[in-house]
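Peer 1: show me the folded form of this:
(one chain, ligands or ions: 1)
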Amino acid sequence: MAIEESENGREDMLIDGQKHGNVAVPDEFNVNYLKLYYAKLFPYADMFKWMSYGNDGKHPACDKYYIGRREFSFTLENDIYVRYQSFNNVVQFENSIKEKCPFKIDIGPVYSVDPAKKNAYAQSGDNVFTPVERELIFDIDISDYDDVRYCCSGADVCLECWPLMTIAIKVIDTALRDDFDFKHILWVYSGRRGVHCWVCDGKARRLTNEQRAAIADYFRVYKGNENSSKKVSLTGPVLHPFLVRSYSEVLEHFFETRLLLSQNIFSTEDRYEKILEMIPDTSATSDLRGKWQTKRGSKEDINVVRWEQLKNTLQSGKYKATGLRRCVEEIVFSFTYPRLDMEVSRHMNHLLKAPFCVHPKTGRVCVPIDPDHCDEFDPTAVPTLSQLFEELNMGGTRAYDDNEWDRTSLGESISFFRSSFSATSSKILQGGDGELLQCKTAAIKKFPELVVLSIRIMFSHA
Ligand SMILES: [Zn+2]
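Peer 2: Predicted coordinates for the structure are as follows:
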């Protein structure tokens, strides 16, 4: 079930294999750097503490076998994929990673029994091997935005398109906290082109697959693939409050002040035609096309001018097609609304790459992102293995340092992780047993008059 693996593994490998062949820069990633990283920098204790959720303490409610039932999987250097590993304590965890030097570490669910012994249980005939807990996870990948970004495509990402990830964090994080009342939400840079989200609250970890699917569905306004021209259709008398809030607090501002200009989305005929396709009134589109085909010598940015013209046209009341006013919002949603990989969120037993892994193609560490300061996160400034190696060397041998990472640029990330997750993990312990989440869905319950969340997704083939 390693869907994440197939996406971020093989496909990357092809793209990068070509690229690295041409670039004569010092390797950002090699196995010796990785060994050193695992020897000196990887935060074993904090990772283990986080995933124990307080079960490593002395409280009578602790389940001391909890962490030992968690699945870890390693991808080794030669692409060998080792699943269903388990560790009873941090020493085992650390020794195994140092010995095997995995290029990637994935974290799976906590099972009913030790996953390393699953075959023995299968032979005993009892069907006891089943996932019982797993963080609610989200995976957002910039390559799913290729139809709305013109600066990069595929696995590439730059500072012009990265803000699409930033606003995805803002929209999803706000809804998880405000609409679902989750509190312990860990965002992690995927090391190259996206972000992962781990909702760690007890009630999130115990969601059934059905409940996970309902939450994923809550976020769905968008669906498509690269061969279809997507259209988000926002129908019904009134938009769901979640969408209204996302639009007015995040998406509209981002679209008008950043994306419009950074992606030049109205600058050429090809690009504006894609937007005109989203307007269901041919006289409105031909009026706009008429304006845009004649060249004008305006000093104002052409994207801003054309966007204003589009808004004025659609909001003028001059055209008859229904839904024309909502069309402005639909265009903004199409360009900016988070595009989640739904399959990752739906199933308890989906694996997800561990925080603090190193991306084998970029050499960058998968560091946590503070959602309160996600605007400041710069993926091009995330430490690489070679950078960390240099920093360690520069620091000399200071035997008194508690942690070697304190003298590297990884120190801040580990401190943030520790203060937000590992040190407070016991508080996330069993929370939420009494408040079983009725996921059909919490937020809709808050607004019963809006039970009809009428978001329709339409495909129109280009
Ligand atoms: Zn870009």
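Peer 1: and this structure, which of its residues are near the ion?
Peer 2: Taking C-beta under 5 Å from the ion, the part of the chain that reaches the ion is made up of 151-152, 158, 160-161. Every residue, glycine included, has its C-beta placed from N, CA and C.
Peer 1: show me the helices in the stretch 101-250 of the chain, by range?
Peer 2: Counting by DSSP state H, counting those that start in this stretch, one finds helices in the stretch 101-250 of the chain at the ranges 118-123, 163-178, 202-205, 209-218, 241-246.
Peer 1: quick one: low-confidence ranges for the stretch 351-462 of the chain?
Peer 2: Under the criterion of pLDDT under 70, the regions of the stretch 351-462 of the chain flagged as low confidence span 395-402, 426-462.
Peer 1: do a quick rundown of the strands in it.
Peer 2: For the stretch 351-462 of the chain, the strands defined by DSSP state E, counting those that start in this stretch occupy 352-353, 368-369, 455-460.
Peer 1: by mean pLDDT, point me to the weakest helix or strand of this protein.
Peer 2: strand 455-460 (a mean of 26; mean pLDDT, DSSP states H and E).
Peer 1: please enumerate residues in contact with the longest strand along the chain?
Peer 2: Within the chain, and with DSSP state E defining each element, the longest strand by residue count is strand 104-111. Residues from elsewhere that reach strand 104-111, judged by C-beta atoms under 8 Å, 6 or more residues apart in numbering: 2, 4-5, 8-9, 51, 66, 69-75, 83, 97, 115, 118, 129-134, 205, 348-354, 357, 360.
Peer 1: got the CA coordinates for that strand in PDB?
Peer 2: This file holds the C-alpha atoms of strand 104-111, laid out as PDB (Å, rounded to 0.1, in the frame of the first residue of the first chain):
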ATOM      1  CA  LYS A 104      13.700   6.900   3.400                       C
ATOM      2  CA  ILE A 105      11.800   6.100   6.500                       C
ATOM      3  CA  ASP A 106       8.000   5.700   6.400                       C
ATOM      4  CA  ILE A 107       5.700   5.600   9.300                       C
ATOM      5  CA  GLY A 108       2.600   3.400   9.300                       C
ATOM      6  CA  PRO A 109      -0.200   2.800  11.800                       C
ATOM      7  CA  VAL A 110      -0.100   1.300  15.200                       C
ATOM      8  CA  TYR A 111      -1.400  -2.300  14.800                       C
END
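Peer 1: neighbouring strands - and their directions - for it?
Peer 2: In the sheet, strand 104-111 lines up against strand 70-75 (antiparallel), strand 131-133 (antiparallel), strand 352-353 (antiparallel) (DSSP bridges).
Peer 1: where does the stretch 1-150 of the chain have low pLDDT?
Peer 2: Confidence mapping of the stretch 1-150 of the chain against pLDDT under 70 gives the ranges 1-28, 126-127.
Peer 1: closest residue of it to the ion?
Peer 2: Proximity to the ion, evaluated over the stretch 1-150 of the chain using C-beta to the ion, is greatest for Arg149 at 5.8 Å.
Peer 1: most neighbours of all the residues of the chain next to the ion, which one?
Peer 2: Cys161 (22 neighbours; other C-beta atoms under 10 Å).
Peer 1: burial of the closest residue to that residue other than its chain neighbours, as a residue count?
Peer 2: Taking C-beta to C-beta, 6 or more residues apart in numbering, and ignoring the residues beside it in sequence, Cys161 has Arg149 as its nearest neighbour in space, at 4.4 Å. Burial measure for Arg149: 22 neighbouring residues, criterion other C-beta under 10 Å.
Peer 1: helix/strand/coil for Phe333?
Peer 2: Per DSSP: H, G, I helix; E, B strand; the rest coil, the local secondary structure of Phe333 is helix.
Peer 1: doesn't His240 make contact with it?
Peer 2: No. At 12.0 Å, Phe333 and His240 do not qualify as touching, with contact defined as C-beta atoms under 8 Å.
Peer 1: domain map for this protein?
Peer 2: Under the assignment automatic domain parsing, the domains of the chain span 3-220+340-443, 235-338.
Peer 1: ok, back up a step: among the strands paired with strand 104-111, which comes closest to Leu324?
Peer 2: Leu324 lies closest, by C-beta to C-beta, to one member of the strands paired with strand 104-111: strand 352-353, at 41.4 Å.
Peer 1: gap between the closest one and the chain center?
Peer 2: Here strand 352-353 shows a centroid-to-chain-centroid distance of 11 Å under the convention C-alpha atoms, centre = their mean, to the nearest Å.
Peer 1: show residues contacting it.
Peer 2: Strand 352-353 is touched from outside by 4, 8, 104-107, 137, 139, 190-191, 196, 198, 344, 366, with contacts defined as C-beta under 8 Å, 6+ apart.
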